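Asks: My questions concern the predicted model and sequence given below.
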Amino acid sequence: MFFFLMVLIAALFQFKIYAYMVAGAYVEDALAASNLASALIDVEEYGRNHNVRIGDTQNAFRIYRDALHYNLALDEEGYSAREELLAGRVQLQEYIVYNVLDQEVCITVYDGEGNCLGQENARTGNVRTPDGVLVEHTTVYSRVRFQVKGLLGRSIDAEKEKSIDIVRCESEE
């Protein structure tokens, strides 16, 4: 009986760990897709100079927020319809656009509400995203906070962050 109880408890913990991994992958995929949706480059600049940069970063944030709400099935308050994966409110923590032009990086930082917290410039090779990615090309970074259901009805706080870069692809013909 004792052995059966121990096996049952171990199986329960294993199932919860698997559920946390699924929720983490779900949020990470949604972040990547939302970052890609917001990575709208200035096509006129690209057509003229082949520079890949996001011209309107405020609009990029709005697109990111809307895409994240769609990808995570969030309502207006930020609660997910996928309650089996996400418990509580999903909060946007940070959204950063790194526009790379020649040897300079223009960094534009937004908070979770879409307020621009500042802009600064730095040299390429010296800039890393908060998740440690070296910025060599125009890059979008975002971070969210969410909760997952734990054992005995408790919720566990979690964060996910993701960077995607936009690289000009030149085909050799």
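Replies: Happy to help now that I have it.
Asks: got the CA coordinates for stretch 131-139 in CSV?
Replies: In CSV, the C-alpha atoms belonging to stretch 131-139 read as follows (Å, rounded to 0.1, in the frame of the first residue of the first chain):
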residue,chain,number,x,y,z
ASP,A,131,17.9,37.0,-22.7
GLY,A,132,21.6,37.2,-23.8
VAL,A,133,21.3,37.3,-27.6
LEU,A,134,24.0,39.4,-29.3
VAL,A,135,22.3,42.0,-31.5
GLU,A,136,23.8,41.9,-35.0
HIS,A,137,20.6,42.4,-37.0
THR,A,138,17.3,44.2,-36.4
THR,A,139,15.8,42.3,-33.4
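Asks: buried ones in stretch 133-140?
Replies: Using 16 or more other C-beta atoms under 10 Å as the test for burial, stretch 133-140 gives 133, 135, 137, 138, 139, 140. Heads up, the C-betas are built off the backbone N, CA and C, glycines and all.
Asks: Determine how far the last residue of that stretch lies from the first.
Replies: End-to-end distance for stretch 133-140, by C-alpha to C-alpha, to the nearest Å: 11 Å.
Asks: I would like the residues contacting that stretch, please.
Replies: 35-36, 38-39, 41, 52-54, 60, 64, 95-100, 105, 124-125, 127-129, 141, 163-168 (C-beta atoms under 8 Å, 6 or more residues apart in numbering).
Asks: Flag the shaky bits of the chain, pLDDT-wise.
Replies: Low-confidence segments of the chain, defined by pLDDT under 70: 170-173.
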